[in-house]
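Peer 1: Provided below for reference: sequence and predicted model.
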Amino acid sequence: MTKSNSGNEMWGGRFASGPDAIMEEINASIDFDRKLYAQDISGSKAHASMLAQQGIISSEDATQIASGLDTILSEIEAGEFKFSRALEDIHMNIEARLRELIGDAAGRLHTARSRNDQVALDFRMWVRATLTGISLSLDAIIAALLQKAEHHADTVMPGFTHLQSAQPVTFGHHCLAYVEMFARDKSRVEDAIARSDECPLGAAALAGTGFPIDREMTAKALGFSGPTRNSLDSVSDRDFALDLLSSASICGGHLSRLAEEIVIWSTPQFGFVTLSDKFSTGSSIMPQKKNPDAAELVRAKSGRINGSLIGLLTVLKGLPLAYSKDMQEDKEAVFDAASALEVSLAAMTGMISDMTVNTDAMKAAAGSGFSTATDLADWLVREAGLPFRDAHHVTGRAVALAEQEGKQLDELSLEQLQGIHDAINASVYDVLSVEASVSSRTSFGGTAPENVRKQVAYWKERTNKG
Ligand code: ARG
């Protein structure tokens, strides 16, 4: 083995001295990229067996390399591997250990490869596996919401605009709104997985290689449909990471909206839901309190995920082709955002499944705030032939009267209503209740219980097909 004095056995030939401590500090990525060890080892095994098949290294060397890599995998998994910052990153840590284990054959592994295509591969594989896990977590939250929607197809609650009572809706319909969001999130995640289905290994440093490598073979062995087509793009593309971050940001935004609603609904003032003790915390000073900390943290994690997206977009913008060390800054943002999203999805799924829906409180609130005023206006259009604008005006007077009398609309007497418009008759009371209001909204996509049941069936069928 050729020795050098430089302190770096990978490129020591060219160097007379080792790095400054600060250089090592800024340069080393092993503290975070060690997460990629499994991908790095699979990538190297696929590369070595391809090199042997193509006659670029001997099959004896390939066998030794593979068994050395297996040993390293078990050392890392057993927590026995000594990671070294002097060896910079996961790629060089593993290669250096391989050399200790099998000697000179280890030096043949890096033939026709560079850390540039190696890291692009490792990170892409990690991102793909993570996206697959996120997709499964989305299935779980969708299933939890569908269960609630089915159970509460008939439960009335106030629907809000501007967080002011607007029209009654069903809680099932409200849950299904989030099913729509998470289903779109899932389709974004699936798109990202599909787009990342090309293998960058073999692009080498930036220009490809003169060795007769078989990129189809390594791509297939590593679970990709085929190799990437342009070596420069292969080593400098981090779109797959941005795809993860942007879909995570959008999903985190949806989670934060649901989290905010849970925070509001679980206040004593609203009392629409009660979180289980498993998903609440107490206060160290105020004994009466039960706080929705998990929901608040989900709401906050979304900010953190957005930060990661903006961070990486900014790191990558303006980078010249091909690889620059800036790109080493891609990983922490993605690792952090992925774990923030995963814990948020799991916590939200738990909160939804375990929470108690207080149907009486929802119903009482649904009937307050003159929430069936639109139903009265619609009745005047339908039954008395008024233009909607006039009906709106008449209804406004009915609301003003009810407010003045301290009553709800359906508590006004027929005489009082007829005093506002003489076409009003007793059948108006059929539409003034919240149940009648929601049941009448059968337009496609509307909140009626029968629609909710149909939509639950639609989603169950779709999600079972998987
Ligand atoms: N640790 C590096 C990274 O994460 C690996 C690639 C290094 N390549 C290089 N030419 N220095 O990006």
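Peer 2: Sure thing, it's come through.
Peer 1: C-alpha only now, for contacts and for neighbours.
Peer 2: OK.
Peer 1: Mind listing what's buried along the lowest-mean-pLDDT helix or strand in the chain?
Peer 2: Every helix and strand in the chain was compared by mean pLDDT, DSSP states H and E; the lowest is helix 429-432, with a mean of 90. By 16 or more other Cα atoms under 10 Å, the buried positions in helix 429-432 come out as 429, 431-432.
Peer 1: Likewise for stretch 208-223?
Peer 2: So for stretch 208-223, counting by 16+ other Cα under 10 Å, buried means 208-209, 213, 215-219, 221-222.
Peer 1: check contacts around Ser353.
Peer 2: Listed by Cα atoms under 8 Å, 6 or more residues apart in numbering, the contact set of Ser353 reads 144-145, 148.
Peer 1: Likewise for Ser280?
Peer 2: Residues near Ser280 by Cα under 8 Å, 6+ apart: 290-294.
Peer 1: how about JSON lines for the buried residues of helix 429-432, with distance to the ligand added?
Peer 2: What follows is the buried residues of helix 429-432, written out as JSON lines (distance: Cα to the nearest ligand atom, whole Å):
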{"residue": "Tyr429", "distance to the ligand": "69"}
{"residue": "Val431", "distance to the ligand": "64"}
{"residue": "Leu432", "distance to the ligand": "64"}
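Peer 1: Using a markdown table, lay out those together with distance to Val156.
Peer 2: Formatted as a markdown table, the buried residues of helix 429-432 follow (distance: Cα to Cα, whole Å):
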| residue | distance to Val156 |
| --- | --- |
| Tyr429 | 18 |
| Val431 | 14 |
| Leu432 | 14 |
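Peer 1: Name the SS class of the residue nearest to Phe388 when sequence neighbours are not counted, please.
Peer 2: Closest residue to Phe388 apart from its sequence neighbours, by Cα to Cα, 6 or more residues apart in numbering: Val381 at 5.9 Å. Following DSSP: H, G, I helix; E, B strand; the rest coil, Val381 is assigned to helix.
Peer 1: tell me which parts of this structure are close to the ligand?
Peer 2: By Cα under 6 Å from any ligand atom, the residues of the chain that approach the ligand are 29, 89, 115-116, 119, 325, 327-328.
Peer 1: For PyMOL, what selects the buried ones among the residues you listed?
Peer 2: In PyMOL, this line selects whichever of those come out buried by 16+ other Cα under 10 Å:
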select buried, resi 29+89+115+116+119+327+328
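Peer 1: Could you single out the nearest of the residues of the chain next to the ligand to the ligand?
Peer 2: Ranked by distance to the ligand (Cα to the nearest ligand atom), the residues of the chain next to the ligand are led by Gln328 at 3.6 Å.
Peer 1: What residues does the closest one make contact with?
Peer 2: Applying Cα under 8 Å, 6+ apart to Gln328 gives the contacts Ser29.
Peer 1: and the spatially closest residue to Leu316 that is not a sequence neighbour, what pLDDT?
Peer 2: The shortest distance from Leu316 to any non-neighbouring residue, by Cα to Cα, 6+ apart, is to Met327 (7.1 Å). Met327 is assigned 98 on the pLDDT scale.
Peer 1: Was I right to think Met327 contacts Leu313?
Peer 2: No. Met327 is beyond contact range of Leu313, at 10.9 Å (criterion: Cα atoms under 8 Å).
Peer 1: before we move on, the earlier item: and the residue nearest to Phe388, how many neighbours?
Peer 2: 17 (other Cα atoms under 10 Å).
Peer 1: same deal with Ala204?
Peer 2: As a burial measure, Ala204 scores 22 neighbours (other Cα under 10 Å).
Peer 1: swap in Phe182?
Peer 2: 23.
Peer 1: Likewise for Ser17?
Peer 2: The burial count for Ser17: 12, using other Cα under 10 Å.
Peer 1: Surely it is in a helix?
Peer 2: No. Assigned with three-state DSSP, Ser17 falls outside any helix and is coil.
Peer 1: Need the pLDDT of it.
Peer 2: pLDDT at Ser17 comes out at 83.
Peer 1: what's the answer for Arg85, then?
Peer 2: Looking at Arg85, its pLDDT is 96.
Peer 1: how near is it to Ala120?
Peer 2: Arg85 is 21 Å from Ala120, where distance means Cα to Cα, to the nearest Å.
Peer 1: Comparing those two, which shows the higher neighbour count?
Peer 2: The neighbour comparison of Arg85 against Ala120 (other Cα under 10 Å) goes to Ala120, with 22 against 17.
Peer 1: Which secondary structure state is assigned to that one?
Peer 2: Strictly by three-state DSSP, Ala120 counts as helix.
Peer 1: Pretty sure it sits against Gly202.
Peer 2: No. The criterion here is Cα under 8 Å, and Ala120 misses it with Gly202 at 10.5 Å.
Peer 1: Which stretches in the stretch 151-300 of the chain count as helices?
Peer 2: 171-195, 215-221, 231-236, 239-265, 293-316 (DSSP state H, counting those that start in this stretch).
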